[in-house]
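# Generate a structure from the sequence data that follows.
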Amino acid sequence: MRPRGNAGRASKLVALLGALCLFLSSIEYMIPKPFPFMRIGIANLPLMLALDMLGRGDFFLLVLIKILGQALVTGTLFSYVFLFSLAGTTLSASAMFFLRRLCGRRIGFIGIGVAGAMLSNLSQLFLASFFVFGKSVAYIAPPFLGAGLVAGVCLGAFCEHFASTSAWYAAVKRGGAGGSAPRISE
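Residues are numbered from 1 along each chain as shown. Okay, the predicted model is just below:
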């Protein structure tokens, strides 16, 4: 049975954004990192953009697709690194979602990006204190949080720019859950 109306558009949008999360996870996987759980977060861009396009259920389905897909792409599904990703993504995505719902457009993508990055990094530092570093986690916390702050600002700025200039993004938001992409003239 084929989904109809808004449900069909929402499922197509979740599939598109989920694929984008996996693509960006693959790109991010190729970037060298000092710790296996440290990422710059570019795979979170589709989640941030989805805040204004998807309802709660579809948004958290996208979060689940991102978490599981990223674990499959990076080969970390059955490792402690998966726990870092699960905790970081779940906490940051939940915070971003509820911040957007509570504050609306009063908080921009930069604020949402910073909040998401900080909560993700704090949850990962907490787990790192148990699984990897113990009390020595205090030594990596400042550069780790600093990198998260910079990444949150950069990703938020990208989302602000994309949301204000993209015809596709505007059309999807106008069209409800999934909208339709603007047609390109031949």
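# Check which element follows the top helix by length along the chain along the chain.
When the chain is parsed with DSSP state H, its longest helix is helix 137-165. Downstream of helix 137-165, the next assigned helix or strand under DSSP states H and E is helix 167-174.
# buried residues in that following helix?
Across helix 167-174, burial judged by 16 or more other Cβ atoms under 10 Å covers 169, 172. Using the backbone N, CA and C atoms, a C-beta is placed for each residue, glycine as well.
# can you check stretch 87-102 too?
87-93, 95-97, 99-100.
# Looking at those, which is nearest Ser26?
Of all the buried residues of stretch 87-102, Ser26 sits closest to Thr89, with 16.1 Å by Cβ to Cβ.
# Show me what whichever strand or helix holds Val14 packs onto, helices and strands only.
Taking DSSP H and E as the criterion, Val14 maps to helix 5-29. Helices and strands touching helix 5-29, by 3 or more Cβ pairs under 8 Å, 6 or more residues apart in numbering; DSSP states H and E, are helix 45-50, helix 56-74.
# Tell me which helix or strand comes right after the longest one.
Okay, so that is helix 56-74. Sequence order places helix 80-103 as the next helix or strand after helix 56-74, per DSSP H and E.
# which helices and strands does that next one pack with?
helix 45-50, helix 56-74, helix 109-131.
# Not counting the last one itself, show me its contacts.
Looking back up the chat, that one is helix 109-131. For helix 109-131, contacts defined as Cβ atoms under 8 Å, 6 or more residues apart in numbering pick out 35, 37-38, 41, 44, 48, 51, 80, 83-84, 87-89, 91-93, 95-96, 99-100, 135, 137, 140-141, 144-145, 148-149, 151-157, 159-160, 163.
# Relative to Phe97, how far out is Val63?
8 Å (Cβ to Cβ, to the nearest Å).
# Oops, could you answer that again for Leu47 instead?
To Phe97, Leu47 is 9 Å away according to Cβ to Cβ.
# which residue is nearest the centroid of the chain?
Most central in the chain under Cα atoms, centre = their mean is Asn44, positioned 2.2 Å from the mean C-alpha point.
# Okay, now the unreliable bits of the chain?
By pLDDT under 70, the low-scoring segments of the chain are 1-6, 34-38, 176-186.
# let's see 80
Where the chain drops to pLDDT under 80, the residues are 1-8, 32-39, 175-186.
# from the buried residues of stretch 87-102, which is closest to Ile107?
Taking these together and measuring to Ile107 by Cβ to Cβ, the closest member is Leu99, at 5.7 Å.
# Quick check, the closest one in contact with Arg106.
No. The pair Leu99 / Arg106 is not scored as a contact, 9.7 Å apart, by Cβ atoms under 8 Å.
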